[in-house]
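Asker: with the input below, show me the fold.
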Amino acid sequence: MNYLSIGQISEKTGISKRTIQDWLHRQDNPLPYYRLGKKKGIRVAEEVLDEWLEQFKAEPGQKVEKLVAIRRVQ
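Answerer: From the prediction side, this is the model:
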C-alpha cells in the first residue's frame with residue numbers, strides 16, 4: 001500500500017494543501033488519514049484517497065450548480 005503526504009496528494013490532484021487539510025477535518029465524511037508523528041506528519045493511503053474521491057465524481061452533463069446543491073444537502 002502506498003501512503004501519500006498532503007503535498008503529494010496536492011501534486012496528484014492539483015488541489016491546494018489547505019483544501020486537503022480541510023478534507024481531513026470535515027464534520028461529515030472526512031478523508032481518513034494516519035498521523036505518523038511530528039516529523040513524518042499525516043499520510044493517506046492512496047487507495048483510500050482514490051475511493052474517497054470517487055464519491056465526488058460528476059456524471060456526464062451534470063451542471064456545477066447541481067453538484068453544489070447535492071454537496072450542501074449531504
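
Asker: count the residues that sit near residue 9.
Answerer: 24 (other Cβ atoms under 10 Å). (C-beta placed from N, C-alpha, C; glycine too.)

Asker: which residue packs closest to it, ignoring adjacent ones?
Answerer: Excluding its sequence neighbours, the residue lying closest to residue 9 (Cβ to Cβ, 6 or more residues apart in numbering) is residue 20, at 5.2 Å.

Asker: strands paired with the longest strand seen in the chain, and their directions?
Answerer: When the chain is parsed with DSSP state E, its longest strand is strand 42-45. Note on strand 42-45: by DSSP bridges, its sheet partners are strand 3-4 (antiparallel), strand 34-35 (antiparallel).

Asker: turn these into CSV, columns for mean pLDDT and mean neighbour count.
Answerer: Below are the strands paired with strand 42-45 laid out as CSV (pLDDT from 0 to 100; neighbours: other Cβ atoms under 10 Å):
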stretch, mean pLDDT, mean neighbour count
strand 3-4, 95, 18
strand 34-35, 93, 11
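
Asker: quick one: closest of the ones you listed to residue 46.
Answerer: Checking those against residue 46 by Cβ to Cβ gives strand 3-4 as the closest, at 5.5 Å.

Asker: so for the helix or strand following the closest one, what gets flagged as buried?
Answerer: Counting by DSSP states H and E, the element after strand 3-4 in chain order, helix or strand, is helix 6-13. Neighbour-count burial for helix 6-13 flags 6, 8, 9, 10 (criterion: 16 or more other Cβ atoms under 10 Å).

Asker: residues contacting the helix or strand just after helix 6-13, please?
Answerer: Of the helices and strands lying after helix 6-13 in sequence (DSSP H and E), the nearest is helix 17-24. For helix 17-24, the surrounding residues in contact (Cβ atoms under 8 Å, 6 or more residues apart in numbering) are 6, 7, 9, 10, 13, 30, 31, 33, 42.
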